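Undergrad: the sequence and its predicted three-dimensional model are supplied below.
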Amino acid sequence: MKVTAKELRERTKEIMGSVERGEEVEVTYHGKPFAVITPTRKVRKADKHTIFGMWSDTPQAEDVDAYVRNLRKGRTFGAD
């Protein structure tokens, strides 16, 4: 992707999103190449559900959808 310095100022969030996805961005100033913005690390595709930290090895991490559904389901008190 190629952008001007003015576009970089006006559309920073969008341009940084492109960099985050692994795209290289060339910045021009007065029509001449000025800088290249590249991601600092390789971008990897995230799994459907990525769980970090203390939750990574719990049984609930195996089926996140079912775990969240169980948390959100309605509670009935007094009914057995």
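TA: Perfect, thanks for sending it. These numbers come from a predicted model, not from an experiment. Numbers count the residues shown, from 1 in each chain.

Undergrad: look at residue 61 and report its pLDDT.
TA: At residue 61, the pLDDT value in this model is 67.

Undergrad: same question for residue 44.
TA: Residue 44 carries a pLDDT value of 59.

Undergrad: same question for residue 65.
TA: Looking at residue 65, its pLDDT reads 82.

Undergrad: do the same with the one 5 residues further on
TA: On pLDDT, residue 70 comes in at 82.

Undergrad: which secondary structure elements does the strand or helix carrying it contact?
TA: Taking DSSP states H and E as the criterion, residue 70 maps to helix 64-72. Here helix 64-72 touches no other helix or strand, going by 3 or more CB pairs under 8 Å, 6 or more residues apart in numbering; DSSP states H and E. From N, CA and C alone the C-beta is placed, and that goes for glycine too.

Undergrad: okay, buried residues for that helix please.
TA: Within helix 64-72, the residues that count as buried by 16 or more other CB atoms under 10 Å are residue 67.

Undergrad: now that helix, how far from the chain's geometric center?
TA: 22 Å (CA atoms, centre = their mean, to the nearest Å).

Undergrad: and if you look at stretch 12-30?
TA: The answer for stretch 12-30 is 15 Å, by CA atoms, centre = their mean.
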